[in-house]
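In: this one's structure only:
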């Protein structure tokens, strides 16, 4: 156990698995108290129990981030259990990929409701407390889709571009209230979503190899590698970082053409 996050009471959405769970473990290991939120109550309970067994202070809520009232209640509950939330990681999201004219109104609504409105619901729930305290940190997990475009991935990159815009807007709006708002943009990460993507091909091994080939280093990130970048950004080690985005993609978005 370290103390880089001592005094932080961090809300993490999408915390039951993948990057969210990796962040929860990393943050708890540095002394943070946690509010964990996820739609999957069973997985969330398992994650919370493991963290508590390791000595972490944890509040948990099975909630949909598109439900503003449920999120507000979760934050209120955490206030009673671990103290007022002073840091937020908007990690929960959903992949919605289609060719533009093949996408439906339902696709559009689901993409923006989860990836943008849901993030805003969480920001809106914690910002008043941060303003009262005169300090706070919000970290939005964006994507390389927030500044690059892959064909047939509509409307996901639109929502991620907008999330980056919200990051900058809130960062400037509340900078003089002691609140920092930043984004972290991962590329491919070895999560279950990516594994499921590979398994959707006739030859999953070939699909995996093709993904690896896109990256200059010949591999993709682990959830822990993203979590360690998030830990730095949520800590007090970068107090002048605000309204910006850190890209952690192994150089994927820099190269003009894949090797």
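Out: Yep, that arrived. Bear in mind the structure is a predicted one, so any value in this text is a computation, not a measurement.
In: burial of residue 139, as a residue count?
Out: Number of residues near residue 139 (other CB atoms under 10 Å) recorded here: 25. C-beta here means a position set from N, CA and C on the backbone, and glycine is covered the same way.
In: could you find the closest non-adjacent residue to it?
Out: Closest residue in space to residue 139, ignoring its immediate chain neighbours: residue 89 at 4.8 Å, by CB to CB, 6 or more residues apart in numbering.
In: now do the same for the one you found: helix, strand or coil?
Out: strand (DSSP: H, G, I helix; E, B strand; the rest coil).
In: do you know the pLDDT at it?
Out: Note on residue 89: pLDDT of 99.
In: how about the helices in this protein?
Out: For the chain, the helices defined by DSSP state H cover 18-29, 41-53, 68-81, 105-112, 118-133, 156-173, 192-199, 204-213, 223-234.
In: tell me what residue 59 is bridged to.
Out: Under DSSP bridges, the beta-bridge partners of residue 59 are residue 35.
In: if the residue nearest to residue 139 is in a bridge, with which residues?
Out: Residues in beta-bridge contact with residue 89 (DSSP bridges): residue 12, residue 139.
In: wait, it sits on residue 142?
Out: No: between residue 89 and residue 142 there is no contact under CB atoms under 8 Å: 11.7 Å.
In: what's the neighbour count on the closest residue to residue 10 other than its chain neighbours?
Out: In space, residue 10 comes closest to residue 87 once its chain neighbours are excluded; the distance is 4.3 Å by CB to CB, 6+ apart. Look at residue 87: counted by other CB under 10 Å, it has 26 neighbours.
In: residue 29 now?
Out: 18.
In: show the pLDDT at it.
Out: 98.
In: test my guess that it contacts residue 6.
Out: No: with contact defined as CB under 8 Å, residue 29 does not count as touching residue 6 (11.6 Å).
In: quick check: residue 51 vs residue 61, distance?
Out: Residue 51 sits 14 Å away from residue 61 when distances are taken as CB to CB, to the nearest Å.
In: how many neighbours does the residue nearest to residue 139 have?
Out: Residue neighbour count, defined by other CB under 10 Å, stands at 28 for residue 89.
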